[in-house]
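# this one's sequence-less:
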């Protein structure tokens, strides 16, 4: 694809070399070298620009974010999709890196599906508090339509960069209440809609890419992450298998495989 990284960055709204890395490369350097080179060239040509942070992140290649400019969007015929991104807080960056990684994985790993998305989409919950219905926002809402237009699927995605207790109490228990209150019907969503929980610990650096997983220090953090993820699976074991799918964040680059866990611990794919 001509100007692949412009297209992907505009789809995501922003990106950096650690988001746009090559899934197939064998080394970290090989994975980020070309997207890093292209981003620098696009910035120089006025086709991309850096998004400002209130406090600059310490790692430029891994943590600085870039967006496509109006000029860049016009070049690839997508001017109407241009959105100006405001300055960001460094504190929210780990969570945002997770969201971008998951969104790009949908784009790259499911070529037979047309993927559209919305970040922080607002939904009716069906649950009333103090006489008023509560609304909530999901991290990502995905609509997937098969290329032949014969099938349509919906995914509500929560990217959780926190301990398992908070993930369980702040997401799973709340979604249980929303499901009981009929929030899918209220929002005109199919009963086949899946709630995807992508789990990550506070200690895990979300800018880490698969080519670094053999690093000794990264392995320690991975082991701790999967230990907590298994504890989360234990905790959710009696929940509804129809709606929930859970994945440990480091598996995002192969999320087209059977890496999604149902509450009963059976693994499955989310799209065929």
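Nice, thanks for sending it over. What you are looking at is a predicted structure, and each value in this text was computed from that prediction instead of being measured.
# The closest residue in space to residue 171 that isn't next to it in sequence bridge partners, please.
Nearest in space to residue 171, with sequence neighbours left out and distances taken as CB to CB, 6 or more residues apart in numbering, is residue 158 at 5.1 Å. Quick note: C-beta positions are derived from backbone N, CA and C, even for glycine. Beta-bridge pairing of residue 158, defined through DSSP bridges, involves residue 197.
# Please apply the same query to residue 121.
Beta bridges link residue 121 to residue 138, judged by DSSP bridges.
# I'd say it and residue 142 touch.
No - under the criterion of CB atoms under 8 Å, residue 121 makes no contact with residue 142, lying 9.7 Å away.
# Could you check which of these two has the larger neighbour count?
A count of neighbours by other CB atoms under 10 Å puts residue 142 above the other of residue 121 and residue 142, at 24 against 16.
# Can you name the helix or strand that the more buried one falls in?
strand 132-146 (DSSP states H and E).
# averaged over its residues, what pLDDT does that strand have?
Taken as a whole, strand 132-146 has a mean pLDDT of 96.
# what do you get for stretch 201-212?
Along stretch 201-212, the predicted confidence averages to a pLDDT of 95.
# Packing partners of the longest helix along the chain?
With residue count as the measure and DSSP state H as the assignment, the chain has helix 216-235 as its longest helix. Applying 3 or more CB pairs under 8 Å, 6 or more residues apart in numbering; DSSP states H and E, we find helix 216-235 packed against helix 164-167, strand 194-200, strand 244-248.
# okay, those in a markdown table with distance to residue 112 and mean neighbour count next?
Listed next are these as a markdown table, based on distance: least, CB to CB, whole Å; neighbours: other CB atoms under 10 Å:
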| stretch | distance to residue 112 | mean neighbour count |
| --- | --- | --- |
| helix 164-167 | 31 | 18 |
| strand 194-200 | 18 | 23 |
| strand 244-248 | 19 | 22 |
